[in-house]
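Chemist: 3D model of this:
(one chain, ligands or ions: 1)
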Amino acid sequence: MTAPIPEFTHALVTRDARGVYTLQIHDAKSLNILASAVTLSLTEAARWIAAQDDARAVVVRGTGERAFVGGANIYEMAELDPPGARSFITRLRELCEAVADIPVPTIARLPGFCLGAGMELAAACDIRLGSADGVFGMPEVRVGIPSVIHALLLPALIGQGRTNWLLLTGETVDAAQARDWGFLEFLCEAGGLDALVERTVAPIAASGPRAVRSQKALLRYWTESSIQAGLDRSVEAFGEAFTTDEPRECMAPFLARKRHR
Ligand SMILES: C/C=C/C(=O)SCCNC(=O)CCNC(=O)[C@H](O)C(C)(C)COP(=O)(O)OP(=O)(O)OC[C@H]1O[C@@H](n2cnc3c(N)ncnc32)[C@H](O)[C@@H]1OP(=O)(O)O
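Modeler: Reported below is the predicted structural model:
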């Protein structure tokens, strides 16, 4: 039983027949700028998707092809006092955490500009796919603020020295560089992102749903725990998989093929 999709003020949520959801920044400025109202609405939408048992994967995207996200709203930030700044950044933190907490694979669809809070939101996703027109950067120092929250995931993705370069210079890199550095898993020609996203989403949606959820939870546990605890949790997760019929069901086509040889 699938729940009707609610309306969100600044997020558009869609779902296809496979249970692939899209979380789209909606009704924002043309570069998908993250004003607080947009951030709050996206967080609400991400939490709603996370609670859907039929979800198999989530594509996180902006509206249009000029940008994934051009950054947090500079007009709003320019008016912040210290308590307001803490609230503003807490809202962005809660958005990134809500996306990271989605229990199925999240795929960031990244055309055009991916700047500041955009790179942070993309870093909170499991897989990042870009197009040749991409521009990636952390220009916060240029507007007088440090890069914070999910920027702390960047060293694990691209390395400490490259993170230092991006955050300390505020310079941008093109999509080929972002791919070579490991921020993007794959890169396509401009206009080819939907096909690239489908190439990732299709095998996920065709795999055992419990196994994919378990794998995502384990991957997260591995990055957030010690090696020993990660290995212990891995043994438990393997055992848990066999408390359902899913492994046997997923293995059946392979076993049948063998018998027919
Ligand atoms: C904690 C997180 C912090 C952060 O994220 S810090 C912010 C990081 N982002 C930036 O610093 C990017 C600032 N924007 C730019 O440098 C440029 O834009 C671009 C290079 C991204 C694009 O340039 P071009 O193609 O010439 O477009 P355009 O006319 O500058 O922008 C289109 C509309 O988008 C608005 N806009 C762009 N970025 C922001 C932003 N970060 N906050 C608020 N509005 C923004 C503009 O003002 C304009 O709007 P209108 O059409 O009404 O004039």
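
Chemist: and the nearest residue to residue 168 once chain neighbours are set aside, what is it in contact with?
Modeler: Excluding the flanking residues, the one nearest residue 168 by C-beta to C-beta, 6 or more residues apart in numbering is residue 141, at 7.0 Å. Any C-beta I mention is one placed from the backbone N, CA and C, and that applies to glycine too. If you count contacts by C-beta atoms under 8 Å, 6 or more residues apart in numbering, residue 141 has them with 147, 167-170.

Chemist: so which two of those residues are the farthest from each other?
Modeler: 147 and 169 (11.5 Å; C-beta to C-beta).

Chemist: what about the two, which has more around it?
Modeler: A direct count of neighbours by other C-beta atoms under 10 Å for residue 147 and residue 169 places residue 147 higher, at 21 against 13.

Chemist: where does the more buried one fall, phi/psi-wise?
Modeler: phi -80, psi 130 (degrees, to the nearest 10).

Chemist: Was I right to think it contacts residue 116?
Modeler: Yes. In this structure, residue 147 is within contact of residue 116 by C-beta atoms under 8 Å, at 7.2 Å.

Chemist: Domain parsing of this protein, as residue ranges.
Modeler: The record's domain parsing of the chain by the TED database lists 11-206, 209-259.

Chemist: chain center to the last one: distance?
Modeler: Remark: domain 209-259 is offset 22 Å from the chain centroid, using C-alpha atoms, centre = their mean, to the nearest Å.

Chemist: ok, the residue nearest to residue 5 when sequence neighbours are not counted - contacts?
Modeler: Excluding its sequence neighbours, the residue lying closest to residue 5 (C-beta to C-beta, 6+ apart) is residue 13, at 5.1 Å. Applying C-beta under 8 Å, 6+ apart to residue 13 gives the contacts 5-6, 21-24, 45, 48-49.

Chemist: Now for residue 174: which residues touch it?
Modeler: Going by C-beta under 8 Å, 6+ apart, residue 174 touches 134-136.

Chemist: From these, pick the one nearest the ligand.
Modeler: residue 135 (7.3 Å; C-beta to the nearest ligand atom).

Chemist: Need the pLDDT of the closest one.
Modeler: pLDDT recorded at residue 135 is 98.

Chemist: Then the one 10 residues further on?
Modeler: Model confidence at residue 145, given as pLDDT, is 94.
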